[in-house]
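> need a structure here:
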Amino acid sequence: MADLFAGAERLMGMSDRVWRRHANPLSVATRFTVLPLLALAIWSRVWLGWAALVPVALVLLWTWWNPRAFREPRSFASWGSRAVLGERIFLAHRAEIPAHHLRVARMLGYASAPGALVMGAGLWMLWADWVVFGIVLTALPKTWFCDRMVWIHDDWVRAGGAVPGLTAEEVAHDRI
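Here you go, the predicted structure:
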């Protein structure tokens, strides 16, 4: 599962600069629009036929652009910023992260799959209630995953670990 996370990071082209911008709480909050927008874009095949590929492509573009869309935050102390920085720590220092964090992160990654299947089935059969339920079932573990990343960040910083992409002064300024 962790290699899946690293693969997604490479696919998204996440440089230090992009990670810093993605740590903006607005970037984190608007990231949660991706799944509902994707569902709506796929559903639009009912009205648009093959032209629905245009909104699907736009959602994929939004998925890529979202981490780049906002300015770097003034402070990295918010929950959303710490979630993003915790994910960076998770990706860069997996071998050093306590096993209990890794188990829960893996479990939460897998826990999103049933919701994605329900959403996919709803989109296939055009059952709106299944689509909405699937989105919720997918988003809840993702939100919990973000909270786990905050916990990883906070534990890491308390232990004196360096946060990838931040200077020691920035970490000290935002110390929790």
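
> going forward, measure contacts and count neighbours with C-alpha atoms only.
OK.

> list the contacts for residue 115?
The contact partners of residue 115, by Cα atoms under 8 Å, 6 or more residues apart in numbering, come to 133-138.

> which ones among those residues are found in helices?
Within the contacts of residue 115, residues falling in helices by DSSP state H are 133-138.

> Between all of those, which two are separated the most?
133 and 138 (8.6 Å; Cα to Cα).

> So for those two, which residue has more residues nearby?
Each of residue 133 and residue 138 has its neighbours counted (other Cα atoms under 10 Å); residue 138 has more, 24 against 16.

> which residues in the chain form helices?
2-12, 16-22, 25-31, 34-43, 45-48, 53-65, 79-92, 99-125, 128-158, 168-173.

> Which residues in the fourth one does the neighbour count mark as buried?
Neighbour-count burial for helix 34-43 flags 35-43 (criterion: 16 or more other Cα atoms under 10 Å).

> from these, which single one is nearest residue 106?
Taking the buried residues of helix 34-43 together and measuring to residue 106 by Cα to Cα, the closest member is residue 35, at 20.1 Å.

> hang on, the earlier thing: got CSV for the contacts of residue 115, with distance to residue 26 and pLDDT too?
As requested, the contacts of residue 115 are exported to CSV (distance: Cα to Cα, whole Å; pLDDT from 0 to 100):
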residue, distance to residue 26, pLDDT
133, 25, 98
134, 24, 98
135, 20, 98
136, 20, 97
137, 22, 97
138, 20, 97
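
> how many neighbours does residue 100 have?
Residue 100: 8 neighbours (other Cα under 10 Å).

> Distance check, it against residue 107.
Distance, residue 100 to residue 107, by Cα to Cα, to the nearest Å: 11 Å.

> Since that was my last question, I'll sign off now.
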